[in-house]
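Visitor: following is a predicted model, sequence given first.
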Amino acid sequence: MKNPWIPTPTIPRELLTERMRLRPLTIHDAVKDFDAVMTSRAEIWELFGPGTGWPADTLSLEQDIIDLAWHQKEFDIGGSYTFTVETLDASQVLGCVYLFPPSQTGADADVFYWVRTSELAGGLPDHLWEALRRWLATDWGFQRVAINGGEVVALA
């Protein structure tokens, strides 16, 4: 069944650059995801807001596995799409990208992304955004997206 908010008939499953790889997040990413989340709590809280309570300082690996299972199921049924951002050798999770149905007028999708704290100084957020901008336009067929709960931006 075609998802009405996705312009392309096939959901893209990978984005590869010289620095990173995006692929669907699954429960098998739990240990590496948990490490990335817990070492980057301040940045993630800033992105999602303290009102969400995520990630709590008491987040357990088990709770993270439950969250990942939900993201995996949402991907499978087309409700939303969550990608892990990992090193090219898959040894470390560098962050996450979330694609949700649009909540703002003029947007094709809501896009949230974060990178682990240790990657901020090396420019990974900018690298990720530039790669996402091209991928979302070319492979997904989006023209305008709302970024991290804020402004709607044109991708082309």
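Guide: Looks like it arrived, so ask away.
Visitor: my read: residue 86 touches residue 115, true?
Guide: No: counting by Cβ atoms under 8 Å, residue 86 sits too far from residue 115 to count as a contact (11.2 Å). Where you see a C-beta, it was placed from the backbone N, CA and C, and this is true even at glycine.
Visitor: could you name every residue contacting both of those two?
Guide: residue 94 (Cβ atoms under 8 Å, 6 or more residues apart in numbering).
Visitor: same drill for those two, tell me which one is more crowded.
Guide: residue 115 (26 against 22; other Cβ atoms under 10 Å).
Visitor: any idea what the more buried one is bridged to?
Guide: residue 95 (DSSP bridges).
Visitor: from residue 121, how far off is it?
Guide: Going from residue 115 to residue 121 by Cβ to Cβ, to the nearest Å gives 11 Å.
Visitor: what's near enough to touch residue 70?
Guide: Under the contact definition (Cβ under 8 Å, 6+ apart), no residues are listed for residue 70.
Visitor: and it, helix, strand or coil?
Guide: Secondary structure, DSSP: H, G, I helix; E, B strand; the rest coil: residue 70 is helix.
Visitor: so where do the helices sit in the chain?
Guide: Taking DSSP state H to define them, one finds helices in the chain at 30-38, 41-48, 61-77, 124-138.
Visitor: want to throw the ones you listed into TSV with mean pLDDT and distance to residue 156?
Guide: Converted to TSV, those look like this (pLDDT from 0 to 100; distance: least, Cβ to Cβ, whole Å):
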stretch	mean pLDDT	distance to residue 156
helix 30-38	96	31
helix 41-48	83	25
helix 61-77	95	26
helix 124-138	97	6
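Visitor: out of those, deepest packed?
Guide: Greatest average neighbour count among the helices of the chain goes to helix 30-38 (a mean of 19), per mean count of other Cβ atoms under 10 Å.
Visitor: list the contacts of the residue nearest the centre of the chain.
Guide: Closest to where the C-alpha atoms of the chain average out (Cα atoms, centre = their mean) is residue 97, at 0.9 Å. By Cβ under 8 Å, 6+ apart, the contact list for residue 97 reads 22, 82, 83, 85, 111, 112, 113, 128, 132.
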